[in-house]
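Novice: Sharing a model prediction with you, sequence too.
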Amino acid sequence: MARKAVEDLDIRILPYTADHAFHLFDLPLHHSDLFDRQIIAQAMSEKIPIVTSDEKFSLYKGIRLIW
């Protein structure tokens, strides 16, 4: 069921790569949640926007937020 939803929505699932991790290690500690920091690092590396209402994401320069 989840696979069909991903196909129907034409969503691309990105693997977490070493490049994403290198971006993570370079991030300032504006956000204490490691998973959110991983999302930020991946978005920065891939140059893709993040959909979130979390105001801490806006502390990171170089990301585009939608919400």
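Specialist: Structure's in. What do you need? Numbering: from 1, shown residues only.
Novice: Tell me where the longest helix sits in this protein.
Specialist: Counting by DSSP state H, the longest helix found in the chain is helix 34-46.
Novice: What about residue 52, how many residues nearby?
Specialist: Here the count is done by other Cβ atoms under 10 Å, and residue 52 has 17 residues near it. To be clear about C-beta, it is placed using only N, CA and C from the backbone, and glycine gets the same treatment.
Novice: So it is in contact with residue 65, correct?
Specialist: Yes: assessed by Cβ atoms under 8 Å, residue 52 is found in contact with residue 65 at 6.4 Å.
Novice: still on that earlier bit, just the buried residues of the longest helix of the chain, please?
Specialist: Across helix 34-46, burial judged by 16 or more other Cβ atoms under 10 Å covers 36-45.
Novice: Dihedrals phi and psi, the nearest residue to residue 58 once chain neighbours are set aside?
Specialist: Excluding the flanking residues, the one nearest residue 58 by Cβ to Cβ, 6 or more residues apart in numbering is residue 65, at 6.1 Å. Main-chain dihedrals, residue 65, degrees, to the nearest 10: phi -110, psi 140.
Novice: Identify the residues contacting residue 65.
Specialist: 49-52, 57-58 (Cβ atoms under 8 Å, 6 or more residues apart in numbering).
Novice: can you tell me how far the residue nearest the centre of the chain sits from residue 4?
Specialist: Computing the C-alpha centroid of the chain and ranking residues by Cα atoms, centre = their mean puts residue 39 first, at 2.6 Å. From residue 39 over to residue 4 the distance is 24 Å, taken as Cβ to Cβ, to the nearest Å.
Novice: and if you look at residue 31?
Specialist: From residue 31 to residue 4 the distance is 33 Å (Cβ to Cβ).
Novice: So between these two, which is more surrounded?
Specialist: residue 31 (17 against 8).
Novice: That one and residue 57 touch, don't they?
Specialist: Yes: contact criterion Cβ under 8 Å: residue 31 and residue 57 qualify, at 7.2 Å.
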